[in-house]
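**Q** could you look at this predicted model? Sequence included:
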Number of protein chains: 2
Amino acid sequence: MDTTDALVQLSFQVQRILTAVGAEHDLSVVQLRLLGVLRDRTPGMLELGRHLGLDKSSITGLVSRAEKRDLVRRLPSPHDGRGVLVELTPLGHRLTRQGAAEIDRRIAELTARMSAADRARLTALAAALVTPFPDA
Amino acid sequence: MDTTDALVQLSFQVQRILTAVGAEHDLSVVQLRLLGVLRDRTPGMLELGRHLGLDKSSITGLVSRAEKRDLVRRLPSPHDGRGVLVELTPLGHRLTRQGAAEIDRRIAELTARMSAADRARLTALAAALVTPFPDA
DNA sequence: GCATTTAGTACGCGGCACCAACTACCTTGA
DNA sequence: TCAAGGTAGTTGGTGCCGCGTACTAAATGC
């Protein structure tokens, strides 16, 4: 198996884990990512779009659906009358923590057969590839 | 960065590469995966569903849209009057080869800064995690 | 030969991504 | 100070996409 096959298949495996965890909370993968981004910041819509790599109209829809679920809320921007800031609600915080914990558990399960040394090595190698702009 | 963060972020990075390559050929990621599965087999719909981890009704839609693009065709199953087999068309083969080549190039670009030893190590570690059922 | 199971399709529903156009607000320059 | 140009976010349109349910034709098993 060459590098491409290995990385692509691993990517889909991780996506399956995210999809499964999301399904447990009736959340899509992109909703999980949204909550993850909002865990430690209160961005505007455009900044959210940059984090998630999505069109601003997609962000409008995503945030509206999350708002309808009472996972997030929009706040007027204090320094731009056009803008809004998006923050997690208490329910959103709770689901984000639960989701993150379950993802941690599933990834630990995935890597359980590896030695600690191999796991540390994989982490370091993967981290070296990830361009700065964390989004999950 | 712990193992979960590293693997999740790497997964999305690889997904961005797949999305970008797909966009160059006006294909979605799941369409790329479909073509990848069909590169070297002629499965029925249910088998396709197993490979792609999707409901059979989703496979019906996916194959119909690919058929409309003349990327695949349905053949009557020789041993089951109810079933069909799905195969790539010449255009489908061509796009599959082009897509695979471009994905290879982008993954090589992603890992270009690594030493050959690190790349081989990452490949081996990733391959060790991937459960058998290749689908890309 | 008939009842049960299965392969695949059709339909409904909601999510989701992008594009173009629009409105309200901000910035800039004269 | 005001007009022109730019920006933040929304709206509407479009097509893709995943799942669940129901259906039909074919296969299977008793």
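**A** Structure's in. What do you need?
**Q** alpha carbons only for contacts and neighbour counts from here, please
**A** Noted.
**Q** chain A: strands as residue ranges?
**A** For chain A, the strands defined by DSSP state E cover A:72-76, A:84-88.
**Q** in terms of secondary structure, what does the last one contact?
**A** Pointing back at strand A:84-88 there. For strand A:84-88, the packing partners by 3 or more CA pairs under 8 Å, 6 or more residues apart in numbering or on different chains; DSSP states H and E come out as helix A:29-38, helix A:45-52, strand A:72-76.
**Q** and the contacts of that strand?
**A** Under the criterion CA atoms under 8 Å, 6 or more residues apart in numbering or on different chains, residues A:35, A:38-39, A:41-45, A:71-77 lie in contact with strand A:84-88.
**Q** just the endpoints, please. Distance across stretch A:36-50?
**A** End-to-end distance of stretch A:36-50: 14 Å, with CA to CA, to the nearest Å as the criterion.
**Q** re the thing from before, of the contacts of strand A:84-88 - the most surrounded one?
**A** For these, the largest neighbour count, defined by other CA atoms under 10 Å in any protein chain shown, is 25 neighbours, found at A:Leu35.
**Q** can you check the pLDDT for that residue?
**A** pLDDT, A:Leu35: 98.
**Q** separation between the residue lying closest to it once chain neighbours are set aside and DNA strand D?
**A** Take A:Leu35 and drop its neighbours on the chain: the residue closest to it by CA to CA, 6 or more residues apart in numbering or on different chains is A:Thr96, 5.9 Å away. Distance from A:Thr96 to DNA strand D, counting by CA to the nearest atom of the strand, to the nearest Å: 22 Å.
**Q** distance to B:Val8 for the strands of chain A - can I get that in JSON lines?
**A** Converted to JSON lines, these look like this (distance: least, CA to CA, whole Å):
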{"stretch": "strand A:72-76", "distance to B:Val8": "23"}
{"stretch": "strand A:84-88", "distance to B:Val8": "21"}
